[in-house]
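K.L.:
here you go, sequence then predicted model.
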Amino acid sequence: MSKASVFALLFVAVAAALGVLLLLRGASAAEPTGDAAVIAQLRNAGSDLTKPHPVEFFMYFPTEAAAKRVADKLNSQGFTASVKPAASGGLPWHTFATRRLVPTVEAMVKLRAELTALCALEGGEYDGWGTPIVK
């Protein structure tokens, strides 16, 4: 293969990769995902995102003891947390926690990481958050 052919092939490959990257970046910039999507929905619904919201967090565990350990830890960190049997589905125990806070993307991403790690230590799963609209 000649140098010109190798160069042309390399150019096409790089151009294709850049095209895919730009396409993916455009899609993610146009449509927020995860915590950013929830906050965008709150904003679009008229929620005042400068005010504290009563944010609810949902976690599921394989045992009542694991769910209670996480609830106790969250209660000691300023959350209000309780445990009850899960309504249905996968893991049988539900830890429900609330905390008043201003829901920024940064705050919610940080809390997602912390709660996901905490749940993993007990064999559980973090299942997201929600909050009512605050005017």
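P.N.:
Ah, there it is.
K.L.:
now do the same end-to-end measure for stretch 58-72.
P.N.:
15 Å (CA to CA, to the nearest Å).
K.L.:
my bad, stretch 34-53
P.N.:
End-to-end distance (CA to CA), stretch 34-53: 18 Å.
K.L.:
how about that stretch: buried residues?
P.N.:
Buried residues in stretch 34-53, counted by 16 or more other CB atoms under 10 Å: 35, 38-39, 42, 47, 53. The way it works is simple: take the backbone N, C-alpha and C, and place the C-beta from them, glycine included.
K.L.:
residue contacts, residue 75?
P.N.:
The contact partners of residue 75, taken as CB atoms under 8 Å, 6 or more residues apart in numbering, are residue 81.
K.L.:
no wait, residue 118
P.N.:
70, 73-74, 126.
K.L.:
need those in TSV with secondary structure and neighbour count, can you?
P.N.:
Output for those, formatted as TSV (DSSP: H, G, I helix; E, B strand; the rest coil; neighbours: other CB atoms under 10 Å):
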residue	secondary structure	neighbour count
70	helix	25
73	helix	16
74	helix	22
126	strand	21
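K.L.:
which of these sits closest to residue 103?
P.N.:
The closest of these to residue 103 turns out to be residue 126 (CB to CB; 16.0 Å).
K.L.:
ok, back up a step: now the two most distant members of the contacts of residue 118.
P.N.:
73 and 126 (13.4 Å).
K.L.:
buried stuff in stretch 105-115?
P.N.:
105, 108, 111-112, 115.
K.L.:
now, which of the residues you listed lie within strands?
P.N.:
With DSSP state E as the criterion, strands contain none of these.
K.L.:
return the distance of stretch 83-97 from the chain's centre.
P.N.:
19 Å (CA atoms, centre = their mean, to the nearest Å).
K.L.:
with stretch 112-132 instead?
P.N.:
9 Å.
K.L.:
which strand or helix spans the closest residue to residue 109 other than its chain neighbours?
P.N.:
Closest residue to residue 109 apart from its sequence neighbours, by CB to CB, 6 or more residues apart in numbering: residue 35 at 5.3 Å. Element membership of residue 35, judged by DSSP states H and E, is helix 34-44.
K.L.:
for that helix, name the packing helices and strands.
P.N.:
If contacts are counted by 3 or more CB pairs under 8 Å, 6 or more residues apart in numbering; DSSP states H and E, helix 34-44 sits against helix 105-121, strand 125-130.
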